[in-house]
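[1] Need a 3D model of the sequence below.
(chains A and B)
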Amino acid sequence: AQKVTQAQTEISVVEKEDVTLDCVYETRDTTYYLFWYKQPPSGELVFLIRRNSFDEQNEISGRYSWNFQKSTSSFNFTITASQVVDSAVYFCALSEGGGSEKLVFGKGTKLTVNP
Amino acid sequence: DARVTQTPRHKVTEMGQEVTMRCQPILGHNTVFWYRQTMMQGLELLAYFRNRAPLDDSGMPKDRFSAEMPDATLATLKIQPSEPRDSAVYFCASGLVVSGDNTEAFFGQGTRLTVV
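    Got it, this is the predicted structure:
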């Protein structure tokens, strides 16, 4: 069975601090996809990134970066120089297929960035 | 700007009443999902469709929930009769699967259901 664990329930930082959100996953599939979604206070779920199991290259997008390590079954998300607008709940998710297959979500990490 | 549209955004109803939630997927997407979000369970899949055919509805309580796609531009989720434990945010999402490609799922803004 697939499972995603986000051990950090809540994180609070001060603006401009770097913060890393942890994600550990379990799956028996050799082909799978990992995702991060952001849920701001307004409530919608916003797609951030998708990674497939064959691509372990780290990715950077502006202040966001992702570290995928199959050896530890982890897909961690780092925000550099955090801003108040980054305050949200962040979800890590796993899919056995591509992005349009069913997702198994972690419980989410609530990030609060204080001015 | 293509987006998934859900109606209503908020619904308060009395226990025992029928509730219908609607979703308009992004035009051209062939996969539609219904997820439910609660504090206790988090985000969980209720059902999903591809090309309007149900692929998996194992997460849905069959006795009171039903999901349909009357056409490619409309998905519905019905609860009859509703119960207080159904109070949650219900998300619809859509994506596209074609040979050799597979997009991420795009989510609507959700329907916040309160059953009193």
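[2] Chain A contacts on chain B?
    Within chain B, the positions adjacent to chain A are B:29, B:31, B:33, B:35, B:42-45, B:48, B:56, B:89, B:91, B:93, B:95-97, B:101-110, B:112 by CB under 8 Å from any CB of the partner chain. Heads up, the C-betas are built off the backbone N, CA and C, glycines and all.
[3] burial of residue A:3, as a residue count?
    12 (other CB atoms under 10 Å in any protein chain shown).
[4] For it, which non-adjacent residue is spatially closest?
    Using CB to CB, 6 or more residues apart in numbering or on different chains and skipping residues adjacent in sequence, the residue nearest residue A:3 is residue A:26, 4.3 Å away.
[5] Surely residue A:11 touches residue A:114?
    No: assessed by CB atoms under 8 Å, residue A:11 is found out of contact with residue A:114, at 11.2 Å.
[6] Mind giving me the PyMOL select for the residues of chain B next to chain A, buried ones only?
    Remark: buried members of the residues of chain B next to chain A, expressed as a PyMOL selection using 16 or more other CB atoms under 10 Å in any protein chain shown:
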select buried, chain B and resi 29+31+33+35+42+43+45+48+89+91+93+95+96+97+102+103+104+105+106+107+108+109+110+112
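[7] quick one: contacts for the residue nearest to residue A:3?
    A:1-5, A:73 (CB atoms under 8 Å, 6 or more residues apart in numbering or on different chains).
[8] Pass me the low-pLDDT residue ranges in chain B, would you?
    Applying pLDDT under 70 to chain B flags the ranges B:1, B:100-102.
[9] Which parts of it are helices?
    Under the criterion DSSP state H, chain B contains no helices.
[10] Not counting residues beside it along the chain, what's closest to the residue nearest to the spatial centre of it?
    Geometric centre of chain B, nearest residue: residue B:34, 3.0 Å, by CA atoms, centre = their mean. The shortest distance from residue B:34 to any non-neighbouring residue, by CB to CB, 6+ apart, is to residue B:46 (4.3 Å).
[11] Surely that neighbour touches residue B:57?
    Yes: counting by CB under 8 Å, residue B:46 does reach residue B:57; the two are 7.1 Å apart.
[12] Residues in contact with both of those two, list them for me.
    Contacts common to residue B:46 and residue B:57, judged by CB under 8 Å, 6+ apart, are residue B:67.
[13] The two: who's more crowded?
    Using other CB under 10 Å as the criterion, residue B:46 and residue B:57 rank with residue B:46 on top: 20 against 17.
[14] in chain A, what spans have low per-residue confidence?
    A:97-100.
[15] Would you mind listing what in it touches chain B?
    A:35, A:37, A:42-47, A:50, A:91, A:93, A:97-108.
[16] could you pull out the strands for chain B?
    B:5-7, B:10-13, B:19-24, B:31-38, B:42-50, B:53-56, B:65-71, B:74-79, B:88-95, B:97-98, B:101-102, B:106-107, B:111-115 (DSSP state E).
[17] Same question for chain A.
    A:3-5, A:10-14, A:19-21, A:24-26, A:33-39, A:46-52, A:59-61, A:64-69, A:74-79, A:88-95, A:104-105, A:109-114.
[18] Show the contacting residues for the spatially closest residue to residue A:101 that is not a sequence neighbour.
    Nearest residue to residue A:101 in three dimensions, chain neighbours excluded: residue A:95, at 4.7 Å (CB to CB, 6+ apart). Under the criterion of CB under 8 Å, 6+ apart, the neighbours of residue A:95 are A:32-35, A:101-104.
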